Each structure stands twice: as C-alpha cells, then as structure tokens.
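Trainee: With the input below, show me the fold.
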Amino acid sequence: MKDVTRDRKLYWHFALILAVVVLSYANAVPNAFVWDDKYLVVRNPDIRSLSNISKLFTTGYWSSSGGTGGLYRPLTMLSFAVEYSMAGLHPLLFHLDNIALHLLCSFLVYLIFGSFMKDRRAALFAALLFAAHPVHVEAVSWVSGRAELLAAALSFLTALIFIKRPHGARYVLLSCLVFLLALLSKESAVTMPVLLGLYLLLFEKPAPGQSRVRQLAVRLYPFAITFILYLVPRVVVLGGSIGPTSKEQTFMNVKPYYTFLTMCRAFYEYMRLGFLPFSLNADYLFPPPYSLFEFKVLLPLAALAFTLIFVRKIEGCSRPALYGVLWFFIALLPVSNIIPVGIIMSERAMYMPSAGICMLLGLAFSKAGDVAILPAVRRASLAATLLALVLVTFVAGSIGRNPFWRDQNEFEMAQTKMVKRRIGYFPNYAPYYLMFAGLYIEHGRYGEETEWALKEAVRLAPESFLGHFGLAELYYNRGRINDSLAEVEIALKIMPDANAYNLAGVLLHGLGRDGEAKEILDKGISLHPDFGELYLNRWYITRDDGDAEKALDMLRARSVSNPEDSQSFLIQGIILGARKQYGSAIEKLGRSVELNPGDPEGHFFLAVAYLGAGDRDKARAALGTALRIKPDYPEAAALMEKLR
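Mentor: Have a look, this model is predicted:
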C-alpha cells in the first residue's frame, strides 16, 4: 500500500513540475531564431543533412562562421541537424525541444535531490523553483541555449544512475557513457564527477574496511578515464588546444590579479541572479574592480570561506544545504575564467549551477514549516504561502522575460535600452559606448548618436580597435573618405584585421590611389586568405588595368587547395557574373551553395547569374531560397518584385 501511495504522490509531483514549466514557457513557443542562432542554425551548412554527422564530430562549434571559438560540442550540433531534417528552418520544433529538455532537467533535479534528502517536500520545492527560475530563460527560450540544456540533462542523468545504481559493471559503464555524451554537448559537464565525489563524502559511508580515499578512487576513476577519452578528439579538432585561444578569450593581456578580481565580481552577480533574478541581460559587462576589498568582490569570497569552515564541522550542519552551496560554486568553475573563456559571465552559464541555489531555497521553504513557535497548521500554511509567493514571482518573471527572445528586432531594442541605462550608471566605461554604437550600426544608423558613442569610446580607450574601426565605417557611410581612411589606418596599427584591410583598399581606390589600394589588399589577402571580400575588391580595382586576373588566379588556387571553401567559389561566381560569363558564374555559384546552402548571398548571386543567362524560373527559385533564409534581404526582395 505504501508503494501505491508513493507512486501516486510521485505522479502528482511530476504533474506539478509539468504545470510550472508549461506556465513559465508557453509564450516562448512562437519565438524566432535570434542572435547566435543565425550562425549555429540558420546559416550553418553542416546541419543541412544527416550525412554530415561525421563532419559535426570533426569540426569546432563555430565552424559555420569560419572558426572554432575554442569549443567542441558535436552532440549539440547533431540535435540541430536532426531537427532540421524534420522541420527545416521552422523554429517551432527547436523551441519545443528546448522546453522538453528543461522539463526533463526539472524532473531529474527532483529525483536526484529526493534520493538523498530525507525531506521529500524540499526536493519537490527545489524542482519547482528550478522549473520556474527566470535566470533559465536565456537557455530555454533561445535556441542556442541548447548546449546548456543538453549537457545539464545528461549530467543529471549521470548523477541519477550513479546514486540509484552504485554497483554493477553495466551501470558504471552506462553512467560513463552518459557522462561522455554530456561532455560532447558542452564542456561544463566536466564538473559532474567532482559533484559526485562530493556526494560520496557527504552522503555515503565507505564499505567496511575501505578508506575514504579508496572509496573515491574506486567509484570515480571510470569517469577520469572517460574524460581522457573525450579529450583526445577535442584536442585534435581544436588544433592542440583545450579551450579558447588568446584571440578568442576575454582576459587577453590582463594581469592575473585583475582577472581574479573580475572573476569574484562575476561570482557576486551569479549569486545575485540565483536569489534575486531581476535586471536580466543577454550581455554582462561591468567596470573591472580594482581592489579585493570592494563589497561585490569580497562577498562571494566570504560566502565560500564560510561554507568551507562548515566542511570541517560536517556533523553540525545540514549536509544537503552544504551540498547546495558547494554545488553552486563547483558547477560554475568552467566559466570562472580559471582557464580563460570567451565571456566574463552569462545567464545561460547559471543553468546547472542554479540547481544548488534551488536546493537551498527548497530546504529553506520546507524548514519554514518547522518553526516551533507556531501551531502545526500555521507552520504548514507559512511554508506553502512563502513557496507560492516566490513561485508565482518566478513564473511571472519567466513569462515577462520570454518576449526578449521573440525575434531579432525585439532583442536588439531591449539591448539598446539596457545599454543606455548602463551608460548612465557607468559613464566612464568604454565597452558600453561600443555596444551602443554596434547596435545602431547593425541597423544602418550612422547618425549623431552613433558618432558620439564611438568618439566617447576612443576618448576613454584610445587603443580600442572597435572604436576606431567603427568611426571609419561611420565616416565612410557619410562620404567622409579622408576621415574614414585616417581612422582605419589607426585601427590597422592596433590590429591587422581583415575587415580593416578591406575598407582601407576601398577607401584608397575611392581617392584614386589604386597602387596603394592593391598593395594593402594584397597584404590583407596574405594575412587573411579566407576573407572573400578582399579578393572581390582586389579584382574590382584592377579590372580595367590588365591585373584583374591576379585575384581570380588566387581564388582558383585556393579552390584547388581547399575544395570545401564555399567563399572562394562564391567570389569567383560574383566576379564571373560581373564579367557576364554567366555559364561559368552559375557553375561556381552552384558549387558555393552546395557547400554552404544556408548562405543567402550565394542564392542571391546565383539568381542574378540565372537572370543574366535568361533563365527566369531558376532565378525566381534561387531568390525564393535566399528570402526563406533571410526574409529581411532587401536586394533579393527587390529583384523578386521586379521578376513578378
């Protein structure tokens, strides 16, 4: 009878968690592809066919944008490929899958915590808070948050198998296999064996005659072997590195002491988001701290020190509470910049660590029902009322946050408002001005506000490449060629960037200095042979002086040495089309879209070539594909209207 009652209670608890997830994320279902989705999904040729599975496991996470980002997440990319094979570029399935994964994670949090917490009610409270927590919106409502969800679900499943089935070779093998899949989803899963070791220390006694060290070694060494097996393909694919290179990480050229202070400041923000999830942002930038004794630096250090003191007095404290605190700090280690990563902090990085915060809150609300000064009925009512208030607040926060990820326009408008507020709070912090200007430039807004923001950025940070290059772009779009050239020359002294070389060549050509333009474009090509626009402008500048074939020859050589380079075929096709060699142009552009079917430009120029060859039907079909990939493509829309 007890088993029937327990099963019935389990079903009711699952139903409650399901209801909270549905309430929190129902309005996220209509969301579109936003921000990084453009590169990871919409324009990613590698997910267009399941025949590319081997390629997903032999390229970096950001291969669709020409790099790796120091990340290796093939299982996440495989999930996108499977969804694309079922629904194409319709975002509905992608969002439903994210919500389903979040639901699974919430169930697993309940099962894991319930397995070692005597108070089953506290485990339920923790799972409900995890299901509704607004800090999870970025991971759940944003398609690119998939890596967090998949890695967390597989990590939680690893923990559940480890705790529920501690013995037996097949269960050890199964838990290691699931752990490997978690690592292939996202690097943050690496902390799970540490969390499992902590579980052994707190909740399991060694077998008779077995030391604590031997217990840990026997139970955890299979995970160490699994991690080593995972490192081999990762290091090979990423070219010998295990993380972001110096060019891809945030703390390049920053002294270790200031990196440490910034890490502590980020931990403060993570703690705040865990307990008080308001003022949420997609990008977190803040002025770097300068002293160890600033409140927002000292608080996380004090909290961790206080927790570690309790480790020595383990019998006198609540083990689940201690586990919750240490879970939070340990799970955040992969994004703490001990090994430098590409960001200072992000909300999506809170997904797995927040389970520790939810465990603490669940225990707190459950213990509120044990306040001895109140009658039993009032104690129960107090616990339920407190939980309900926080839960309603969390659900409302998630519902209100979901529209932030509704579409690119909504996202950028919200970002602009946030940056304006931040400039008001921190008027001497250059990155906020750069972010503000970047949002305006992305929409082609080169007005006075954009110029003011960029000038403030370079005033505050004279060595800012982005500030000077942004001004160069702004002046170019206003027709101030000499001012633009002056800024791009400063930018190139700071960083030999491909876009800067390209703009410098265009500007020098505009001033009639074609010899210098060819020289600087050739230098750009030698440093950045993958950057197609350099070749295109090199051909354009020399098309009338007999040197035009040089750019085409370089592109042809690149096609031979790298037959998978869609950019070289795209630029060859554009050049051949401009020379009215439409048959050859169609051949090259056809190869380009075959290699990169998610690139709208390839389809657009293929349509232009078809139109030049007199094939209006094929031109119309290619334009339709370009507009499906990029609905806001004005040139393609105008040409389609002309064809009609």
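
Trainee: so what does the helix or strand harbouring M271 touch, helix or strand wise?
Mentor: Using DSSP states H and E, M271 falls within helix 256-275. If you count contacts as 3 or more Cβ pairs under 8 Å, 6 or more residues apart in numbering; DSSP states H and E, helix 256-275 packs onto helix 295-311, helix 319-331, helix 354-367. All C-beta atoms are positioned from the backbone trio N, CA, C, and that covers glycine.

Trainee: Can you list phi and psi of D530 for me?
Mentor: Note on D530: backbone dihedrals following degrees, to the nearest 10 are phi -90, psi -10.

Trainee: quick one on the thing from earlier: which residues are in contact with the helix holding M271?
Mentor: 135, 251, 254, 280, 284, 286, 288-292, 294, 296-301, 303, 328-329, 332, 336-338, 340, 344-345, 347, 349-350, 353-354, 357, 361 (Cβ atoms under 8 Å, 6 or more residues apart in numbering).

Trainee: Among those, name the buried ones.
Mentor: 135, 251, 254, 280, 284, 286, 289, 296-297, 299-300, 303, 328-329, 332, 336-337, 340, 344-345, 347, 349-350, 353-354, 357, 361 (16 or more other Cβ atoms under 10 Å).

Trainee: before we move on, the earlier item: which positions within the helix holding M271 qualify as buried?
Mentor: For helix 256-275, by 16+ other Cβ under 10 Å, it's 259-274.

Trainee: was I right about V395 contacting Y25?
Mentor: No. Counting by Cβ atoms under 8 Å, Y25 is not a contact partner of V395; they are 9.7 Å apart.

Trainee: The two - which one has more neighbours?
Mentor: Y25 (26 against 21; other Cβ atoms under 10 Å).

Trainee: which element follows the helix or strand hosting L184 toward the C-terminus?
Mentor: Element membership of L184 [criterion: DSSP H and E] is helix 169-185. Scanning forward in sequence from helix 169-185 by DSSP H and E, the next helix or strand is helix 192-203.

Trainee: helices or strands next to that following helix in the packing?
Mentor: Against helix 192-203 (3+ Cβ pairs under 8 Å, 6+ apart) you get helix 146-164, helix 169-185, helix 212-237, helix 319-331.

Trainee: got the contact list for that helix?
Mentor: 116, 155, 158-159, 162-163, 179, 182, 212, 215-216, 219-220, 223-224, 227, 314, 319, 322-323, 326-327, 330-331.

Trainee: swap the cut-off to 6 Å and go again
Mentor: If you take Cβ atoms under 6 Å, 6 or more residues apart in numbering as the criterion, helix 192-203 is touched by F116, S155, T158, F162, L216, L220, F223, R319, Y323, L326, W327, I330.

Trainee: With respect to A578, which of these is nearest?
Mentor: S155 (52.7 Å; Cβ to Cβ).

Trainee: contacting residues for the closest one?
Mentor: Each residue near S155 by Cβ under 6 Å, 6+ apart is listed here: A182, A189, M192.

Trainee: any idea which of these is closest to L471?
Mentor: Closest to L471, out of all of the contacts of S155 and judged by Cβ to Cβ, is A189, at 42.7 Å.

Trainee: Neighbours of that closest one, how many?
Mentor: 27.

Trainee: How much space separates it from Y171?
Mentor: 19 Å (Cβ to Cβ, to the nearest Å).

Trainee: Then H528?
Mentor: For H528 relative to Y171 (Cβ to Cβ), the value is 51 Å.

Trainee: Which one's more surrounded, these two?
Mentor: H528 (17 against 14).

Trainee: Now do the closest residue in space to the more buried one that isn't next to it in sequence: how many residues are near it, please.
Mentor: Distance criterion Cβ to Cβ, 6 or more residues apart in numbering; nearest residue to H528, sequence neighbours excluded, is A498 at 3.8 Å. Neighbours of A498 under the rule other Cβ under 10 Å: 17.

Trainee: Who are the contact partners of A498?
Mentor: G524, H528, F531 are the contacts of A498 under Cβ under 6 Å, 6+ apart.

Trainee: W12 versus that one, what's the distance?
Mentor: 59 Å.

Trainee: what do you get for L611?
Mentor: Counting by Cβ to Cβ - L611 and W12 are separated by 64 Å.

Trainee: More neighbours: which of the two?
Mentor: L611 (20 against 11).

Trainee: Leaving out sequence neighbours, find the closest residue to the more buried one.
Mentor: With Cβ to Cβ, 6+ apart, the residue lying closest to L611 is A619, at 4.2 Å.

Trainee: likewise D97?
Mentor: Using Cβ to Cβ, 6+ apart, the closest residue to D97 is E83 (6.4 Å).

Trainee: For burial, what's the neighbour tally of the one you found?
Mentor: Neighbour tally, E83, other Cβ under 10 Å: 22.

Trainee: where does the stretch 451-600 of the chain have low pLDDT?
Mentor: Low-confidence segments of the stretch 451-600 of the chain (pLDDT under 70): 542-552, 555, 557-562, 564.

Trainee: repeat for the stretch 151-300 of the chain
Mentor: 240-254.

Trainee: residues in contact with whichever strand or helix holds F411?
Mentor: For F411, the host element (DSSP H and E) is helix 408-425. Contacting residues not belonging to helix 408-425 are listed as V34, N281, F404, Y432, M435, F436, L439 [Cβ under 6 Å, 6+ apart].

Trainee: Looking at those, state which has the most neighbours.
Mentor: Of the contacts of helix 408-425, with other Cβ under 10 Å as the count, Y432 tops at 27 neighbours.

Trainee: helix, strand or coil for that residue?
Mentor: helix (DSSP: H, G, I helix; E, B strand; the rest coil).

Trainee: Name all residues that make contact with it.
Mentor: Counted by Cβ under 6 Å, 6+ apart, Y432 has contacts V419, R422, I423.

Trainee: now P353, nearest residue through space, not along the chain?
Mentor: A331 (3.8 Å).

Trainee: who touches the one you found in this structure?
Mentor: Neighbours of A331 in contact, by Cβ under 6 Å, 6+ apart: T191, M352, P353.

Trainee: Between these, which sits nearest L18?
Mentor: Using Cβ to Cβ, the contacts of A331 come closest to L18 at M352, 20.8 Å.

Trainee: And the pLDDT at the closest one?
Mentor: pLDDT recorded at M352 is 96.

Trainee: So it sits against A152, correct?
Mentor: Yes. Contact criterion Cβ atoms under 6 Å: M352 and A152 qualify, at 4.5 Å.

Trainee: Give me the contact list for stretch 13-32.
Mentor: 91, 95, 99, 103, 106, 124, 127-128, 131-132, 140-141, 395, 398-399, 402, 405-407.

Trainee: Okay, and which of these map to helices?
Mentor: Counted as lying in helices by DSSP state H, out of the contacts of stretch 13-32, are 91, 95, 99, 103, 106, 124, 127-128, 131-132, 140-141, 395, 398-399.

Trainee: how about the residues you listed, which pair is most distant?
Mentor: Most distant of the ones in helices among the contacts of stretch 13-32, by Cβ to Cβ, are P91 and L124, 32.4 Å apart.

Trainee: Neighbour count for those two, which is higher?
Mentor: Between P91 and L124, counting by other Cβ under 10 Å, L124 is the more crowded of the two (25 against 20).
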